[in-house]
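Engineer: With the sequence up front, the predicted model follows.
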Amino acid sequence: MIYSDYSIQELDYTNPSVAHYANAPHTINKNSFSIDDYIQKQLSKKRVKNSLSDTYTAIYKHLNDAIIKQTDQMNQFFDLSKFTGRLKQISARVSSARCARSIRTALENAGAHIDQHPVAASDWGRTLEKIGYKKIDPAFDQPIEGDIYIIQRTKRHTYGHIAGYTGTQWVSDYKQPSYDVYHDPEATYVYYRLSSS
């Protein structure tokens, strides 16, 4: 995705005729909308009743609509069965401490476009939200296919943990006997589900 990685607050308003996303890592292809072009178009209208504030309100709406559209498009290209199918192929019964890599490759196999990603499993929340997941209350009693949970880092586990639900089992870099891999009553969980689910 192109612009959903950034918020409206990151627009540079120092030049009223140009706006851009600070540190945007993506190039704009001919099929993508250009923020600069859109702002130039808005400002060139020179409507007496249309203040600069109104212009930026219109820009915000335009960007918000585009972000929603891009998220919807991502969900259309995300093949949930490929995600869980990749997890089902994992046969290990013990962890190799590569849970984040395992979940990432399964997400990419399903069509998720992940340019940059954290190393630590506990830091994957924002990346999941960028590709169409949303944070919900933990649903370990009623998980559905494609759900992902993260265990925040602890003193003993500095990288945390991440796993996905295949529809029958929690899998990370191994087939887990349950979601409770730390056996720690103080472990903190963050739970994610695809927005379209």
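Structural biologist: Nice, thanks for sending it over.
Engineer: From here on, just use CA atoms for contacts and neighbour counts.
Structural biologist: Fine.
Engineer: Do I have it right that N109 meets S81?
Structural biologist: No - look at N109 against S81 with CA atoms under 8 Å: they stay out of range, at 10.0 Å.
Engineer: quick check: domain ranges of this structure?
Structural biologist: Listed domain ranges for the chain are 8-77, 80-194 (source: automatic domain parsing).
Engineer: Tabulate the ones you listed (JSON lines), appending mean neighbour count and mean pLDDT.
Structural biologist: What follows is those, written out as JSON lines (neighbours: other CA atoms under 10 Å; pLDDT from 0 to 100):
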{"stretch": "domain 8-77", "mean neighbour count": "13", "mean pLDDT": "56"}
{"stretch": "domain 80-194", "mean neighbour count": "18", "mean pLDDT": "94"}
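Engineer: Could you report the distance from T84 to V171?
Structural biologist: 9 Å (CA to CA, to the nearest Å).
Engineer: what is in contact with the two at once?
Structural biologist: By CA atoms under 8 Å, 6 or more residues apart in numbering, T84 and V171 have these common neighbours: 164-165.
Engineer: what are the ranges of the strands in this protein?
Structural biologist: For the chain, applying DSSP state E gives strands covering 133-136, 148-151, 161-165, 170-171, 189-194.
Engineer: Indicate which one of these is closest to D37.
Structural biologist: strand 133-136 (30.3 Å; CA to CA).
Engineer: Touching that closest one from outside, list them.
Structural biologist: With CA under 8 Å, 6+ apart, strand 133-136 has contacts from 128-129, 190-195.
Engineer: Among the residues you listed, which pair sits farthest apart?
Structural biologist: Taking CA to CA, the two most distant members of these are V190 and S195; they sit 15.4 Å apart.
Engineer: just to revisit the earlier point, now the contacts of strand 133-136 in TSV, with distance to I136?
Structural biologist: Putting the contacts of strand 133-136 into TSV (distance: CA to CA, whole Å) gives the following:
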residue	distance to I136
L128	12
E129	11
V190	8
Y191	6
Y192	6
R193	7
L194	10
S195	10
